[in-house]
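K.L.:
Have a look at this prediction, sequence included:
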Amino acid sequence: MFPERVETDRLVLEPLTPEYVDVLAFYRHASRHNPHIEEITEYLTWEPHATPKETLEFLESRAEAWEAGEDASYVVRTKDEEGGAVEGADGDSRGGEIAGAAGLHPDWDRRTGTLGTWLRKPFWGRGYSGERAAALMDVAFDRLDLEVVAVTHQDGNENSRRAIEKYVAAHGGQREGLLRNGGVSPDGPVDVHRYTVTREQWSEATK
């Protein structure tokens, strides 16, 4: 159902599963071994991984959700020319350097796919979020036949706001509004801003 490889000009997305991702390499980026982990997770829904076992269990859960058609979670890797070594830059010889992770979370009853992503700090400010979003919108509308793509960010997350507003506008979409207690963080409920792009808007913007 979900494509196992999604390529853009600068990125490669593959399933966020043990088959495609080195557990220890991903653990280094998703744990406190990453010196920027507090900044990265400040507005995310998860806390840094405490052990490699936690990382393995997380990757296994993503594999199960993938197989069940419930969730498409991807590891985001750079292509070689983007400055990520093909082997050894982050200890993962399975492809380019790990830049982060991304997801397309379908709600089949509502014909809606929700986007999510996080990137390691060295890869902030390069436009990767928008590039990844454009590719996953193609998947949502062309391959999965969904009708709406949605994305949210926590209130106060200015980096995400700027990136989301840019790629949503580029695809003809809009900000829907502020949802009070619309999201959940490790510390409890949080307000989130919601944006959407419809199939018709995407089709018009990309034709």
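P.N.:
Yep, it's here. Residues are numbered from 1 along each chain as shown.

K.L.:
where along the protein do the strands fall?
P.N.:
Here the chain has its strands, by DSSP state E, at 6-7, 11-15, 72-78, 98-107, 112-119, 148-154, 174-185, 188-198.

K.L.:
Of the ones you listed, give the one that comes closest to Asp138.
P.N.:
With C-beta to C-beta, the closest approach to Asp138 among those belongs to strand 6-7: 8.2 Å. Placement of C-beta: from N, CA and C, glycine included.

K.L.:
list the helices and strands the closest one packs on?
P.N.:
When contacts are defined as 3 or more C-beta pairs under 8 Å, 6 or more residues apart in numbering; DSSP states H and E, strand 6-7 sits against strand 11-15, helix 128-138.

K.L.:
Can you lay out these as a markdown table showing distance to Tyr167 and mean neighbour count?
P.N.:
As requested, those are arranged in a markdown table below (distance: least, C-beta to C-beta, whole Å; neighbours: other C-beta atoms under 10 Å):
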| stretch | distance to Tyr167 | mean neighbour count |
| --- | --- | --- |
| strand 11-15 | 14 | 21 |
| helix 128-138 | 4 | 21 |
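
K.L.:
and Gly183, bridged to which residues?
P.N.:
Here Gly183 shows beta-bridge partners Val190, assigned using DSSP bridges.

K.L.:
list the buried ones in the lengthiest helix in the chain?
P.N.:
Determined from DSSP state H, the single longest helix within the chain is helix 52-67. Across helix 52-67, burial judged by 16 or more other C-beta atoms under 10 Å covers Thr55, Leu56, Phe58, Leu59, Arg62, Ala63, Ala65, Trp66.

K.L.:
Give me the contacts around it.
P.N.:
2, 15-19, 21, 23-24, 26-27, 30-31, 49, 71-73 (C-beta atoms under 8 Å, 6 or more residues apart in numbering).

K.L.:
Can you select the buried ones among those residues for me in PyMOL?
P.N.:
In PyMOL, this line selects whichever of the contacts of helix 52-67 come out buried by 16+ other C-beta under 10 Å:
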select buried, resi 2+15+16+17+18+21+23+26+27+30+31+49+71+72+73
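
K.L.:
Looking at the contacts of helix 52-67, which are in helices?
P.N.:
Per DSSP H, the contacts of helix 52-67 map to helices at Val23, Leu24, Phe26, Tyr27, Ala30.
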